[in-house]
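[1] how would this look folded up:
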Amino acid sequence: MAASLGSRPCGKMAGMSSHTDLAERYGAPSATRRRLLLGVVVAVVAAASAWLAWATLFHATPAVQSELVTFGIVDDHAATARVTVELEDGVVASCVLSALAEDHTTVGEVAFEPVDGSNDVSIRTERRATSVTLEGCTAEGQPRPR
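    Predicted structure coming up:
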């Protein structure tokens with residue numbers, strides 16, 4: 001039985017090579033190549049981190065923010081809403097309010113240019129509305145309504 005094992009050295013499995021055997025066979029990796037790869041990885045991670053920080057700060061401080069405070073249904077063809085808007089100095093914004101009927105269809109919509117602070121807005125409707133929603137406000141360079 002011992003003769004069938006061949007002349008493999010004790011402790012070494014067939015097909016397994018040590019790190020030094022591989023380095024002798026294929027050559028050791030270049031130190032310059034390792035440093036260059038590390039430099040590229042560090043540069044990519046730094047660029048990605050800088051972009052993430054910029055995107056987080058940019059989207060955390062929009063030029064305009066709005067909130068629907070209250071709404072009321074005046075009659076079959078009108079609704080009112082009070083919207084609070086926070087504007088940065090010199091920013092011109094546009095806000096959109098929608099009036100919805102009981103079946104959730106839009107029965108009225110109005111776009112308005114808000115002032116900083118409280119804005120009372122009237123919405124004409126084609127039939128009786130049951131609710132009013134604020135779609136949001138946008139400013140130049142801020143495509144996502146807030």
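
[2] how near is residue 31 to residue 79?
    73 Å (C-beta to C-beta, to the nearest Å). Bear in mind the C-beta positions are built from the backbone N, C-alpha and C, glycine included.

[3] neighbour-wise, which of these two wins?
    Remark: of residue 31 and residue 79, residue 79 carries more neighbours, 26 against 8, as counted by other C-beta atoms under 10 Å.

[4] Which strands or helices does whichever helix or strand the more buried one is part of pack on?
    For residue 79, the element it lies in under DSSP states H and E is strand 78-87. In terms of contacts (3 or more C-beta pairs under 8 Å, 6 or more residues apart in numbering; DSSP states H and E), strand 78-87 is packed against strand 64-75, strand 93-100, strand 117-124, strand 131-139.

[5] try 6 Å this time
    Under the contact criterion of 3 or more C-beta pairs under 6 Å, 6 or more residues apart in numbering; DSSP states H and E, strand 78-87 touches strand 64-75, strand 93-100, strand 117-124.

[6] Next, the buried residues of the longest one.
    It stands for strand 64-75. Residues of strand 64-75 classed as buried: 64, 65, 66, 68, 71, 73 (neighbour count, 16 or more other C-beta atoms under 10 Å).

[7] do stretch 124-142 as well
    Of the residues in stretch 124-142, 125, 129, 132, 134, 136, 137, 138, 139, 142 count as buried by neighbour count, 16+ other C-beta under 10 Å.
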